[in-house]
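Visitor: Predicted model and sequence follow; I will ask about them next.
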Amino acid sequence: MKKILNKKTMFISFVTLGLVVILSFSIFFIWSQNTFEAIDADQIEIEEVIKSEDGWYIYRAENADKGLILYPGAKVDPEAYAYLAQELSKQNITVAIPSVRLNLSILDVSKADEIIEKDDSLEWYVSGHSMGGAAAAMYADQHLDSINGLILLGAYAASNDYLSESNLPVLSISGSEDGLSTPEKIIENSSNLPETTDFIEIPGGNHAYFGVYGSQSGDNEAQITVSEQQEIIIDLIVDWLENNPSSSR
């Protein structure tokens, strides 16, 4: 009788555990699909809607010699970075934005391989916003020989194996009003990047304005407009890429 009860108890326990796992994953999945979508904003004009190609939004520049892979922030629609990509492509920089697994770049760190392995004619840089920046840093840590630099947008790198001790060119752009990747967090995690990293803080800039998707819980109100922050980001990236000493690595 005891054996029968034990088997029944174990069966009930396994069924209960299975239901908890299924329920937890279902809740997580629903949460991951509730994304921050691109919005219309004053002085932000999308000239051409780019359609996804095999999970990528690619803004090609005809005379490009540099390419930038931009990992989206957590649950942020890739199209929220359309304006940034569009304007960078006008400066002869091809920009590729991936759709990532469950809308979380951290779950799809190796995604950049798909583009870099397909086109080795460009000098490739990896970048990312928020969690996307953390993912880009993780990719850089394991692919120092195949990329030319790393650009973080309202993001910071976690501890790593090789990146912090490397001479990989890195640009970190942050916002003084960022409530998520706060100025304090940027400083606290600065040792996870090479000593030669260029740290630039945008006065009045916040977290959400690294994309164009409205407000975000936990963020602070920006002291500048989204179009102003976007233009500053574009100018900083273009200037840095033009003066980046990657060829000397």
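Guide: Noted; the coordinates are in hand. Numbers count the residues shown, from 1 in each chain.
Visitor: All the strands of this structure, residue numbers only.
Guide: In the chain, the segments counted as strands under DSSP state E are 56-59, 66-71, 93-98, 123-129, 149-153, 170-175, 198-202.
Visitor: how far is the fourth one from where the chain is centred?
Guide: The one in question is strand 123-129. With Cα atoms, centre = their mean, to the nearest Å as the basis, strand 123-129 stands 9 Å off its chain's centre.
Visitor: Dump the C-alpha coordinates for it into PDB.
Guide: Extracted in PDB, the C-alpha atoms of strand 123-129 (Å, rounded to 0.1, in the frame of the first residue of the first chain):
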ATOM      1  CA  GLU A 123      34.600  46.600 -41.600                       C
ATOM      2  CA  TRP A 124      32.000  45.300 -39.100                       C
ATOM      3  CA  TYR A 125      31.200  47.000 -35.800                       C
ATOM      4  CA  VAL A 126      28.800  45.600 -33.200                       C
ATOM      5  CA  SER A 127      26.500  47.900 -31.100                       C
ATOM      6  CA  GLY A 128      23.500  47.700 -29.000                       C
ATOM      7  CA  HIS A 129      21.000  49.600 -26.800                       C
END
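Visitor: what's that strand packed up against?
Guide: Here strand 123-129 touches strand 66-71, helix 131-142, strand 149-153, going by 3 or more Cβ pairs under 8 Å, 6 or more residues apart in numbering; DSSP states H and E. Yep, even glycine has a C-beta here, placed from its N, CA and C like the rest.
Visitor: hmm, back to that, quick one: closest of the strands of the chain to residue 238.
Guide: Nearest of these to residue 238, taken as Cβ to Cβ: strand 93-98 at 7.3 Å.
Visitor: what's the angle between that closest one and helix 131-142?
Guide: 110 degrees (axes from the mean of the first three to the mean of the last three Cα atoms, to 10 degrees).
Visitor: Sheet-wise, list the partners of strand 93-98 with their directions.
Guide: strand 56-59 (antiparallel), strand 66-71 (parallel) (DSSP bridges).
Visitor: and the shortest one, which residues are buried?
Guide: Of the residues in strand 56-59, those scored as buried under the neighbour-count criterion (16 or more other Cβ atoms under 10 Å) are 56, 57, 58, 59.
Visitor: Disregarding residues adjacent in the polypeptide, which is nearest to residue 197?
Guide: Nearest non-adjacent residue to residue 197, counting by Cβ to Cβ, 6 or more residues apart in numbering: residue 170, 4.2 Å away.
Visitor: What is the burial count for that neighbour?
Guide: Neighbour count for residue 170, taken as other Cβ atoms under 10 Å: 25.
Visitor: May I see the helices and strands packed on strand 123-129 organised as TSV, with mean pLDDT added?
Guide: As requested, the helices and strands packed on strand 123-129 are arranged in TSV below (pLDDT from 0 to 100):
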stretch	mean pLDDT
strand 66-71	98
helix 131-142	98
strand 149-153	98
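Visitor: Turn the ones you listed into CSV, including mean neighbour count.
Guide: Compiled in CSV, those are given as follows (neighbours: other Cβ atoms under 10 Å):
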stretch, mean neighbour count
strand 66-71, 26
helix 131-142, 25
strand 149-153, 27
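Visitor: Out of these, which gets nearest to residue 121?
Guide: Using Cβ to Cβ as the measure, strand 66-71 is the one of the helices and strands packed on strand 123-129 that comes nearest residue 121, at 8.9 Å.
Visitor: okay, the strands paired with strand 93-98 in a markdown table with distance to residue 147 next?
Guide: Putting these into a markdown table (distance: least, Cβ to Cβ, whole Å) gives the following:
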| stretch | distance to residue 147 |
| --- | --- |
| strand 56-59 | 17 |
| strand 66-71 | 9 |
